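A.B. asks: take this sequence and fold it.
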Amino acid sequence: MLKGIAGGTAVVTGAAGGIGAAVCRRLKAEGAHVVAVDLDGDALEKLAVELGDDVLMVSADVTSEEETQRFFGAAVERFGSVDMFHANAGIEGTVGPVSQLSVDMFDRVMRVNVRSVFLGAAAAARQMRDQPERGRILFTSSLAGMMGNAGVAPYVASKHAVLGLLKSFAKEVGPLGIRVNALCPGVVRTRMMDSLEVGLGELAGIDGSALKAALEAQVPLGRYATPDEIAATAAWLLSDEVPYMHGEMVTVGGGLWP
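C.D. replies: So this is what the prediction gives:
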């Protein structure tokens, strides 16, 4: 068992997706009280059946300040504290060249991928600074936050922005005893990756399976990560096993970076 997780309360956004659900499973297995937040209420119900007791499901819009305050309040009301917060919600947006993408789509990607992290970080900091035991925060960025890729400029820009937020936020909350880090996965077997394979394949003039093979060939380990593998690193960063890791951008890319 990882130190510092059992008995603590963990709030995870984007909890019904591939990585989010895997993180919820791992933290629950480590003994945490889990608050799973997602806009998809039906998917949350399925996760609730899987995870069983001691889990609070909250259907909420993470881009809303009021909704963010609501799910943090629900976590504290149910379990008494927020000891771990994983700002994981994210969307890929539409694949295509910048000249052909809509402003509305760009704005939506930035709202979900950046605004929600800002709102969650602010709410977590306010809650944790007043607790006897401070807490740990984790942002989900991506290897796309460290490099560029044609066809996914809004997503890439949003993940770069998450790392920019991390760099400043870490300077602010470190002196309060709150740790924050960012997780930067590479290619992971999730619904989002399925969607990107189709879109990027069309852009390249090949089918999704051919694009997947090409992407896997670029990874030194030769395959996509599983959500559980990403969740293992997330749990480690949210634990007390690494008390001096703060403001770090932790890549989990099978050797794809650098």
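
A.B. asks: what about Met249, how many residues nearby?
C.D. replies: 18 (other Cβ atoms under 10 Å). The C-beta positions use only the backbone N, C-alpha and C, and glycine is treated the same way.

A.B. asks: return the set of residues that bridge with it.
C.D. replies: Ala182 (DSSP bridges).

A.B. asks: and it, what does it touch?
C.D. replies: Shown in contact with Met249 (Cβ atoms under 8 Å, 6 or more residues apart in numbering): 141, 145-146, 163, 166, 181-182, 184.

A.B. asks: identify the farthest-apart pair in those residues.
C.D. replies: Met146 and Asn181 (14.4 Å; Cβ to Cβ).

A.B. asks: one step back: go through the contacts of Met249 and name the one nearest Asp61.
C.D. replies: Checking those one by one against Asp61 (Cβ to Cβ), the nearest turns out to be Ser141, at 21.1 Å.

A.B. asks: looks like the closest one contacts Leu166 (just checking).
C.D. replies: Yes: here Ser141 lies in contact with Leu166, judged by Cβ atoms under 8 Å, at a distance of 7.5 Å.

A.B. asks: more neighbours, those two?
C.D. replies: Ranked by neighbour count (other Cβ under 10 Å), Ser141 and Leu166 place Ser141 first, with 29 against 23.

A.B. asks: just the contacts of Met249: which are in helices?
C.D. replies: 163, 166 (DSSP state H).

A.B. asks: now do the closest residue to Glu172 other than its chain neighbours, the pLDDT please.
C.D. replies: The spatially closest residue to Glu172, leaving aside those adjacent along the chain, is Ala125, at 7.5 Å (Cβ to Cβ, 6 or more residues apart in numbering). Ala125 carries a pLDDT value of 98.

A.B. asks: please identify the buried residues of whichever strand or helix holds Ala125?
C.D. replies: Assigning secondary structure by DSSP states H and E places Ala125 in helix 116-128. Buried residues in helix 116-128, counted by 16 or more other Cβ atoms under 10 Å: 116-121, 123-125, 127-128.

A.B. asks: report all helices and strands that it contacts.
C.D. replies: strand 9-13, helix 65-79, strand 84-87, strand 135-140, helix 153-173, strand 178-185 (3 or more Cβ pairs under 8 Å, 6 or more residues apart in numbering; DSSP states H and E).

A.B. asks: quick one: which of the ones you listed is nearest Thr233?
C.D. replies: strand 178-185 (6.3 Å).

A.B. asks: how big is the angle separating the closest one from strand 135-140?
C.D. replies: Between the axes of strand 178-185 and strand 135-140, defined by axes from the mean of the first three to the mean of the last three Cα atoms, to 10 degrees, the angle is 20 degrees.

A.B. asks: and strand 178-185, how far from the chain's centre?
C.D. replies: 9 Å (Cα atoms, centre = their mean, to the nearest Å).

A.B. asks: from His33, how far out is Val180?
C.D. replies: 21 Å (Cβ to Cβ, to the nearest Å).

A.B. asks: do Leu44 as well
C.D. replies: 16 Å.

A.B. asks: by neighbour count, which of the contacts of Met249 wins?
C.D. replies: Ser141 leads these on contacts (other Cβ under 10 Å) with 29 neighbours.

A.B. asks: what's that one in contact with, if anything?
C.D. replies: With Cβ under 8 Å, 6+ apart, Ser141 has these contacts: 159, 162-163, 166, 182-184, 249.

A.B. asks: let me have the contacts of Met249 in JSON lines, extended by distance to Ser59.
C.D. replies: Compiled in JSON lines, the contacts of Met249 are given as follows (distance: Cβ to Cβ, whole Å):
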{"residue": "Ser141", "distance to Ser59": "25"}
{"residue": "Gly145", "distance to Ser59": "28"}
{"residue": "Met146", "distance to Ser59": "32"}
{"residue": "Leu163", "distance to Ser59": "29"}
{"residue": "Leu166", "distance to Ser59": "27"}
{"residue": "Asn181", "distance to Ser59": "27"}
{"residue": "Ala182", "distance to Ser59": "26"}
{"residue": "Cys184", "distance to Ser59": "28"}
